[in-house]
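Participant: Quick check, what structure comes out for this input:
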Amino acid sequence: MRLKFICQAMLLAGVLTACGGNNSSTKNTVETSSAVSVESSADGKVVQTDVVRKVTRSNKDSTTAQSSKEPESSTEVTSTAASKTTVSETAAIEETTTVKETQAETEAKKSEVKEAGEIGLDPSWQYASFSKINSGKSVLYKPSENGNGITIAVNAGHGTKGGSSQKTQCHPDGTPKVTSGTTKAGASTAIAVSEGMTFADGTPESTVTFEMAKILKDELLSRGYNVLMIRDGSDVQLDNIARTVIANNVASAHIALHWDSTNADKGAFYMGVPEVDSYRSMEPVASNWKKHEALGKSLINGLSSNGTKIFSKGRMEMDLTQTSYSTVPSIDIELGDKTSDHGKDELKKLSKGLADGIDSYFGR
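Facilitator: Purely as a prediction, here's the structure:
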């Protein structure tokens, strides 16, 4: 019976101790608790001894004590969680940094390729005074690396709203045209910029010439050329004289992109300088027509080598405003006609042919 009482007392003491521990974690207390100890007497009998202890606890002590009693497994879990968090955060930071660096590199490349300033017609340039539409701007692009210093003016034909309502002088000296084309022979003025034809599928020529210009620009940049985009959008307010004069003063060569208005899918050709003495002796044609012809032949050879169909011998005589005012090697290249394929793959093939011709002309 006495043993049963001792066991009950021990159980009660344990409960009291546990309760006391819980209370000490929430506030500063001064507690008196009864503890029960079991001792052996000299005669070998079990004796119950009551001990009264005064315990003072504080929040800080309790927290420290409680923390010190946490099992090692808990510490390991916390450490593992912290490690995972650190790895996750590091990965996130690295990913963010990589994205930012990639974006920065892309922006840097763009800034290297596209020049900050646009180029308009300077009224002091030779022949600039003959232009009637000249409020627009061309844009100069440069390769991000390994540039060769040669600038090609890529002129997407047509694409000037209101261009057909203005007329400009055919020749700087006022003499009449010697061949018929959009403007008949004998005329002394011509449409400032024609609207162009419409392909058999309904696509405006100006749309296709601009797509061609963008693809050719990328091809030339990849080969180290600077590219002067005469028309860098769906519309540019620059007539044929303004386009030519800008090219004269900024570019090493001038290539105007066109498709002919016939329906025969006849292939590509360039507009050659008319074999007329009066025309070939007129400046600036007299000083440059041989360069124009050499560039035209190089372009046709490049196109032919890349599988482009060539019309006749690749040349047709034409008295053009562009040729009449050009002081750098300059060619109007007709890349087919209104029934020709003008899909993206075909334009890429044409761009490689033209670029090969340019490489050949400049001895590259």
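Participant: Okay, buried residues for stretch 228-247 please.
Facilitator: Buried residues in stretch 228-247, counted by 16 or more other Cβ atoms under 10 Å: 228-232, 236-247. Using the backbone N, CA and C atoms, a C-beta is placed for each residue, glycine as well.
Participant: And the strands in the stretch 151-300 of the chain, which stretches?
Facilitator: With strands called from DSSP state E, counting those that start in this stretch, the stretch 151-300 of the chain shows them at 151-156, 167-169, 189-191, 226-229, 253-260, 268-272.
Participant: Go through those strands and name the closest to Tyr127.
Facilitator: Tyr127 lies closest to strand 167-169 among the strands of the stretch 151-300 of the chain, at 9.8 Å (Cβ to Cβ).
Participant: Buried ones in the closest one, by neighbour count?
Facilitator: Neighbour-count burial for strand 167-169, counted by 16+ other Cβ under 10 Å, picks out Thr168, Gln169.
Participant: cool, stretch 319-329 as well?
Facilitator: Buried residues in stretch 319-329 (16+ other Cβ under 10 Å): Asp319, Leu320, Thr321, Gln322, Thr323, Ser324, Tyr325, Ser326, Thr327, Val328, Pro329.
Participant: same thing with stretch 143-154?
Facilitator: The neighbour-count check on stretch 143-154 (16+ other Cβ under 10 Å) flags Pro143, Ile150, Thr151, Ile152, Ala153, Val154 as buried.
Participant: and which of these is nearest Gly363?
Facilitator: Ile150 (10.5 Å).
Participant: List the contacts of the closest residue to that closest one other than its chain neighbours.
Facilitator: In space, Ile150 comes closest to Ser252 once its chain neighbours are excluded; the distance is 4.9 Å by Cβ to Cβ, 6 or more residues apart in numbering. The neighbours of Ser252, taking Cβ atoms under 8 Å, 6 or more residues apart in numbering as the test, are Ile150, Thr151, Ile152, Val328, Pro329, Phe362.
Participant: Among the buried residues of stretch 319-329, which pair sits farthest apart?
Facilitator: Pairwise over these, using Cβ to Cβ, the maximum falls at Asp319 and Val328, 18.5 Å.
Participant: closest one to Lys352 among the strands of the stretch 151-300 of the chain?
Facilitator: Closest among the strands of the stretch 151-300 of the chain, using Cβ to Cβ: strand 268-272, at 13.2 Å.
Participant: Direction included, what does that closest one pair against?
Facilitator: Strand 268-272 sits in its sheet next to strand 310-317 (parallel), strand 330-337 (antiparallel), going by DSSP bridges.
Participant: right, and the ones you listed - which one's nearest Ser124?
Facilitator: Comparison of the strands paired with strand 268-272 against Ser124 by Cβ to Cβ identifies strand 330-337 as nearest, at 20.9 Å.
Participant: continuing past the closest one, what's the next helix or strand?
Facilitator: helix 344-361 (DSSP states H and E).
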